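Sharing a sequence plus its predicted fold:
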Amino acid sequence: MIPLMHPALVRTQAFINGDWYSAVSQKTFAVNNPATGELIAQVADLSSLDAQHAIESAAIAQPVWAQKTAKERSILLRRWFDLVMENQADLAQILTAEQGKPIAESMAEIAYGASYIEWFAEQAKRINGDIIPPSRSNQRISVLQQPVGVVATITPWNFPNAMLARKLAPALAAGCTVVAKPAAETPFSALALAQLAQQAGIPAGVINIVTSSDAPAIGAEFTGHPAVRKISFTGSTAVGKLLIQQCAADVKRITLELGGNAPFIVFDDADIDAAVAGAMVAKFRNAGQTCVCANRFYVQRSIYNAFSAKLSAAMQELCVGNGVNEQVSVGPLISAAAIQKVQQLVDDAIAKGAVVSCQIPVNIEKGYFYPPTLLTNVSVDSDLLEAEIFGPVAALIPFDTEADVIAQANCSVYGLAAYCYTRDYQRIQRLTEELQTGMLGINTGLISNEMAPFGGIKQSGWGREGSIYGLDDYLNIKYINESF
């Protein structure tokens, strides 16, 4: 059991059309705590037939929801935000139990996810159209923005609260209804959000949560059902490419936030202490399991040893363990398979000449823990410079010139985020122009907030979430030409 002030927030059934729903087959799947391996609960395991029911419920609810005034939707979203923040501590406990991150990070994620609900509650009242000067005196040209309709979302396990809130909030603000599939590893955060939305007064059918262990079947139903007019997906590039293919048949709109391979560049004029502090945040938050996580550390040769020594010293302060303990700063990875993947990448780097300069001991018998590791002298042909590590491993590579490091940083199929530390203003302007990335942190290791457009380029995805641009993918533009 998860210790909560409001135990009813833990739900084991799906949520469809305002009701708690068991699979037609009565099947369930197990959800385990990655820090202990212990069973949290069995959750309803829905099929494509159940998903079809959820889509049809959303399709019925959508016109009614869209007919509400922007202010009415705004008020309901604001109530939802307030309830999320009132229940922040419980939601954080649920998140840590199913995902494993330290409780302080879970508290921060709940606030971060709620910030999107608050932001789009405000933006709901700012969905404006245009009047365009006509070419004739007896003509009026206007532009309306209208909701796309039913939206299907698929969210990952690394930020199970925030990733869903970041999709639900703009969709609802725009007048869309949603069918959401959370990751099978972390369904409880999504179900708790839906319960609080219901308490806030958001009508039945507007939010539907499809819990399932069969992601391909549910994804195929989402992309194949004609009532679904938009897909929003956060996850791997491989799955994103498959969804693009499946959406082509109906020409569905699709937003994709996919893989990342963020470079972290430290120039010799940087404040090294600030760069180390930024590196600790960008690398070890959520045990390195973030899409914007620093993956490749390029450090200018003249300060390479100094930066490595200071980063190693900072890593000594990390505490690995069960995230419910407040002193813990690094929790588990999500699964045994995740550990195996990270170890394979580390082994490949070592075989190609990398040195383990620092590794924090982990003496925990249960759970999926990987020791925070610092690799130096990493070869440029190492696999971990191309693949997402998704674990607490920092790989350091020396560089000589600005042109050299820009070329190395851009030599990736991904373009989600990048980080740079320098005090040279002209260099900052050059980096801003030349680095191929959707997001860039200059002298900071933490770049995400609800007011900024989150998203990437190249094989890191399409579209943006958050900010004034975050509503665009949920709205259709209609042009009207009136003659009189």
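Yep, that arrived. Residues are numbered from 1 along each chain as shown.

which residues in this protein form helices?
Using DSSP state H, the helices of the chain run over residues 48-67, 70-86, 88-99, 103-123, 162-174, 188-200, 215-224, 237-248, 272-284, 304-315, 336-351, 402-410, 425-434.

out of these, nearest to Val362?
Closest approach to Val362 among the helices of the chain (C-beta to C-beta): helix 336-351, 10.7 Å. (Glycine included, C-beta is placed from N, CA and C.)

What lies in contact with the closest one?
The contact list for helix 336-351, computed with C-beta atoms under 8 Å, 6 or more residues apart in numbering, reads 289, 333, 354, 356, 368-370, 373, 375, 378-379, 382-384, 387, 389-391, 393, 395.

Quick one: residues contacting the nearest residue to Thr255 once chain neighbours are set aside.
Of all residues not flanking Thr255 in the chain, Gly463 sits nearest, at 3.6 Å (C-beta to C-beta, 6 or more residues apart in numbering). By C-beta under 8 Å, 6+ apart, the residues touching Gly463 are 232, 254-257, 455, 472-473.

can you do 10 Å?
The contact partners of Gly463, taken as C-beta atoms under 10 Å, 6 or more residues apart in numbering, are 230, 232, 253-257, 453-456, 469-470, 472-474.

do Trp20 as well
For Trp20, counting by C-beta under 10 Å, 6+ apart, the contacting residues are 11-14, 44, 191, 194-195, 198, 209.

Compare the residues you listed and tell me which has the most neighbours.
Neighbour counts for those peak at Ile209, which has 30 neighbours (criterion: other C-beta atoms under 10 Å).

Looking at that residue now. What's its pLDDT?
Confidence at Ile209, expressed as pLDDT, is 98.

Verify the stated contact: it with Thr12.
No - counting by C-beta atoms under 10 Å, Thr12 is not a contact partner of Ile209; they are 11.7 Å apart.

tell me, what's touching those two both at once?
Residues touching both Ile209 and Thr12 (C-beta under 10 Å, 6+ apart): 20, 44, 187, 191.

nearest to Lys310, of the residues you listed?
Proximity of these to Lys310 was ranked by C-beta to C-beta; the top entry is Pro187 with 40.6 Å.

Show the model's pLDDT score for the closest one.
At Pro187, pLDDT is 98.

Contacts only, for it.
11-12, 14, 29, 31, 40-41, 43-44, 98, 157, 160, 181, 209-213.

which regions of the chain sit below the pLDDT cut-off?
Of all residues in the chain, none has pLDDT under 70.

Thr28 pairs with what?
For Thr28, the beta-bridge partners are Ala44 (DSSP bridges).

tell me the contacts of it?
12-13, 22, 41-45, 211, 213.

Let's see that with 7 Å instead.
By C-beta atoms under 7 Å, 6 or more residues apart in numbering, Thr28 lies in contact with 42-45.

Any of these buried? List them.
43-45 (16 or more other C-beta atoms under 10 Å).

sorry, back to before: just the closest of the contacts of Gly463 to Gln300, please.
The closest of those to Gln300 turns out to be Gly456 (C-beta to C-beta; 25.6 Å).

Now do the closest one against Cys291, distance only.
Applying C-beta to C-beta, to the nearest Å, the value for Gly456 to Cys291 is 8 Å.

Name the residues contacting each of these two.
Jointly contacting Gly456 and Cys291 under the rule C-beta under 7 Å, 6+ apart are 260, 416.

Now do the buried residues in stretch 104-116.
Those would be 105-116, for stretch 104-116 by 16+ other C-beta under 10 Å.

Centre of the chain to it, how far?
Computed by C-alpha atoms, centre = their mean, to the nearest Å, the chain-centroid distance of stretch 104-116 equals 12 Å.

Can you tell me what sits against that stretch?
So stretch 104-116 is in contact with 81, 84-85, 88, 91-92, 95-96, 159, 161-162, 165-166, 169, 285-286, 323, 450, 466, going by C-beta under 7 Å, 6+ apart.
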